[in-house]
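1. model the structure of this input:
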Amino acid sequence: VEFTTGEIDASFLKQLKIDGKPILPSEFVGKNFINEEAGFLLTVENPEFWEVAYDAVGMTNPITPVNTIYTEDGSHLNINIEELAFEINIETYVANLLQLMINAGMLFQMPEVSYDLPSQTAFLSYFNPLSSGETYQKVIIKDRVCYAVTANYNVQLSDPQRVEELIEMVASFTLIEDVGY
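-> Predicted coordinates:
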């Protein structure tokens with residue numbers, strides 16, 4: 001899966017506001033989902049099929065997703081944010097994460113992992129025994145903050161088009177550059 005790297009300039013937010021388009025952490029803006037406070041966005045081709053849940057607790061509690069995007073067939077995407085206690089690179093972070101998942105019985109085989117080291121981004125895909133489907137995950141570390149966007153679905157219950165959209169949302173997840181507009 002090809003995934004985005006880097007950041008997007010925040011100036012587009014100013015233009016959306018000038019155009020009168022509200023940016024709320026619980027709604028899509030056209031084909032984009034933007035959480036301005038958390039500093040990220042992602043894209044989906046058919047936002048009308050998806051619901052968004054927002055939990056402000058997720059801004060400070062890494063176990064609680066700040067956003068969950070879901071559809072009626074149970075397919076869902078969680079976005080978690082974690083403030084890291086110390087500087088760590090993406091390869092070490094992912095290795096530690098995978099070891100924790102193996103120890104907890106959440107992983108039976110090592111996932112496919114792709115890295116973009118300059119942007120401190122990793123993209124993982126693996127079989128999830130809890131959902132009986134694939135999990136797609138993108139992890140980005142910036143300034144001692146880890147953003148993890150994770151998509152899960154069930155092979156037997158999920159609509160194949162929704163699965164493709166989940167993968168696209170994870171792959172398109174991008175941080176918004178703080179330019180202080």
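2. would you check that residue 151 makes contact with residue 166?
-> Yes: using C-beta atoms under 8 Å as the test, residue 151 is close enough to residue 166 to be in contact (4.0 Å). For the C-beta atoms, the positions are set from N, CA and C on the backbone; glycine is no exception.
3. now the common contact residues for those two.
-> Shared contacts of residue 151 and residue 166, defined by C-beta atoms under 8 Å, 6 or more residues apart in numbering, are found at 75, 76, 77, 136.
4. out of these, which is most surrounded?
-> residue 77 (28 neighbours; other C-beta atoms under 10 Å).
5. contact partners for that one?
-> 68, 69, 70, 149, 150, 151, 152, 166, 169, 170.
6. Throw those residues into TSV and include pLDDT and secondary structure, thanks.
-> Output for the contacts of residue 77, formatted as TSV (pLDDT from 0 to 100; DSSP: H, G, I helix; E, B strand; the rest coil):
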residue	pLDDT	secondary structure
68	98	strand
69	98	strand
70	97	strand
149	98	strand
150	96	strand
151	96	strand
152	92	strand
166	95	helix
169	97	helix
170	97	helix
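7. nearest to residue 48 among these?
-> Proximity of the contacts of residue 77 to residue 48, judged by C-beta to C-beta, is greatest for residue 69, which lies at 12.5 Å.
8. sorry, back to before: tabulate the contacts of residue 77 (JSON lines), appending neighbour count and distance to residue 8.
-> Shown next, in JSON lines, are these (neighbours: other C-beta atoms under 10 Å; distance: C-beta to C-beta, whole Å):
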{"residue": "68", "neighbour count": "17", "distance to residue 8": "22"}
{"residue": "69", "neighbour count": "24", "distance to residue 8": "19"}
{"residue": "70", "neighbour count": "17", "distance to residue 8": "24"}
{"residue": "149", "neighbour count": "25", "distance to residue 8": "15"}
{"residue": "150", "neighbour count": "19", "distance to residue 8": "21"}
{"residue": "151", "neighbour count": "27", "distance to residue 8": "20"}
{"residue": "152", "neighbour count": "21", "distance to residue 8": "26"}
{"residue": "166", "neighbour count": "27", "distance to residue 8": "21"}
{"residue": "169", "neighbour count": "23", "distance to residue 8": "15"}
{"residue": "170", "neighbour count": "24", "distance to residue 8": "16"}
